[in-house]
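In: Here is my input, please return the structure:
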Amino acid sequence: MKLSELNAFKDSAINPANLSDLDPALATLSDFACLNVSGEEAISFLQGQFTNDISKLENGACLLNGYCNPKGRALAVTWLLKKEDGCYLLVPNDISEGFTKRLQMFKMRAKATIEIESNLAFFGLINPPENIVPKLDSAFHWRLDSNRRFIGIDRTKKDSLASQFDLPHTGQDYWNLGQILAGEPMIYALTAESLIPQHMNLDLVNGVSFTKGCYPGQEIIARLRYLGKLKQRMIIGRSKNLGDRSPGDPVFTQEKGEQKAGVIVDIVNVGEIQYLSVNVPATHIDSGDIHIGERQGAILERIPTPYKITLEKND
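Out: All right, here's what the predicted structure looks like:
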């Protein structure tokens, strides 16, 4: 896909089908707030809060995590960036205040500090050229996957680090499109406490550990894996852009009629096309019409996820 077309949100006949189709770019992550969690007990405290096992992460590691209520419903999905004295947590701006307050409430006597970091600028590198990868200092950059994406930090908030990369600059929508194509979920204010991690494939993108200790919602999440069969999963696709749609908007199937069958998890507009991740009934993972926003809304054209979508523990 031509970056200029996506950056300006022009109509394009070129439709990316996977992360590798995206042009190399540097995306400003201005829609993420950053929480700085530091102190000698910062990691042990967060280990008891999140769905993933972060106890043995090395500095420079990056990991998706879910943060759930006691009923197993996700309050947030966060990128955790491990650093020497703790970690940074990146979450969408619209949930950052409530996310911070809740972490503070459960911190109790743990020797850790939690504060919103407003003096840092973050950017995402997407498909950087091979000659750039060796320049990525682990103290300032976190690798998400096999050299396809990195998150970087600019301590001066003046793009001094970002400017060393001779790449086109774009906004966060380009980064979000990459997350959708990677089959990764995100939680926003409109979807908070509405989705269990497995219902948005968080367990399929290394966002859930089933061998770590307890955390809020762990019993329900584990029971669903070991004793149940999933009734919902997340798929990705694209549709005609027929109007403003947001995460949390309903999707419909013929079988359920006027009753919503799932919700939009994430969405990015690209001219006349919308790219979406959508929570749907398990019966509609591979086939069956999914209508976006309303009963007769635009039909979702499926894009294969970069991983197998399973329903049971033995799949």
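In: Show the contacting residues for the closest residue in space to residue 24 that isn't next to it in sequence.
Out: In this structure, residue 24 finds its nearest non-sequential neighbour in residue 127, 4.7 Å apart by C-beta to C-beta, 6 or more residues apart in numbering. Glycine gets a C-beta too; all of them are placed from N, C-alpha and C. By C-beta atoms under 8 Å, 6 or more residues apart in numbering, residue 127 lies in contact with 19-20, 22-25, 148-149.
In: Sitting in strands, which of the residues you listed do you find?
Out: 25, 149 (DSSP state E).
In: Would you check the contacts of residue 127 and say which has the weakest pLDDT?
Out: Least confident of the contacts of residue 127 in the model: residue 148, at 88.
In: returning to that earlier point: from the contacts of residue 127, which single one is nearest residue 120?
Out: Distance to residue 120 across these (C-beta to C-beta) is lowest for residue 149, with 18.6 Å.
In: How about the closest one, nearest residue that isn't a chain neighbour?
Out: Distances taken as C-beta to C-beta, 6+ apart place residue 126 nearest to residue 149, at 5.7 Å, with adjacent residues excluded.
In: same question, residue 85
Out: With C-beta to C-beta, 6+ apart as the criterion, residue 85 has its nearest non-adjacent residue at 4.6 Å, and that residue is residue 38.
In: again, but for residue 70
Out: Nearest residue to residue 70, sequence neighbours excluded (C-beta to C-beta, 6+ apart): residue 216, at 5.4 Å.
In: before we move on, back to that, who are the contact partners of the residue nearest to residue 85?
Out: Residue 38 touches 85-87, 112-113, counting by C-beta under 8 Å, 6+ apart.
In: And residue 61, by the same measure?
Out: Residue 61 neighbours (C-beta under 8 Å, 6+ apart): 82, 142.
In: And it, how far from residue 193?
Out: Distance, residue 61 to residue 193, by C-beta to C-beta, to the nearest Å: 28 Å.
In: Equivalent analysis for residue 200, please.
Out: Counting by C-beta to C-beta, the separation of residue 200 from residue 193 is 13 Å.
In: Comparing the two, which residue is more hemmed in?
Out: Of the pair residue 200 and residue 193, residue 200 is the one with more neighbours under other C-beta atoms under 10 Å, namely 31 against 13.
In: Neighbours of the nearest residue to that one once chain neighbours are set aside, how many?
Out: Sequence neighbours aside, residue 185 is the residue nearest to residue 200 in space, at 3.8 Å (criterion: C-beta to C-beta, 6+ apart). Close neighbours of residue 185, defined as other C-beta under 10 Å, add up to 26.
In: Just confirm residue 76 contacts residue 67, I think it does.
Out: Yes - applying C-beta atoms under 8 Å as the test, residue 76 and residue 67 come out as touching, 4.3 Å apart.
In: what's the longest helix that the chain contains packed up against?
Out: The helix spanning the most residues in the chain, taking DSSP state H as the definition, is helix 93-107. With contacts taken as 3 or more C-beta pairs under 8 Å, 6 or more residues apart in numbering; DSSP states H and E, helix 93-107 sits against strand 32-38, strand 74-83, strand 113-116.
In: quick one on the thing from earlier: between the contacts of residue 127, which is nearest residue 97?
Out: Nearest to residue 97 among those, counting by C-beta to C-beta, is residue 149 at 26.9 Å.
In: and the closest one, what does it touch?
Out: Residue 149 is in contact with 19, 124-127, 143, 178, 182, counting by C-beta under 8 Å, 6+ apart.
In: Highest neighbour count among the contacts of residue 38?
Out: In terms of neighbours by other C-beta under 10 Å, these top out with residue 87 at 26 neighbours.
In: Next up, the contacts around residue 194.
Out: Here residue 194 is in contact with 73-74, 248, 263 (C-beta under 8 Å, 6+ apart).
In: what touches both of residue 76 and residue 67?
Out: Taking C-beta under 8 Å, 6+ apart as the criterion, residue 76 and residue 67 both touch residue 99.
In: The closest residue to residue 298 other than its chain neighbours: how many residues sit nearby?
Out: Spatial nearest neighbour of residue 298, excluding adjacent residues (C-beta to C-beta, 6+ apart): residue 239 at 4.1 Å. Counted with other C-beta under 10 Å, the neighbours of residue 239 add up to 21.
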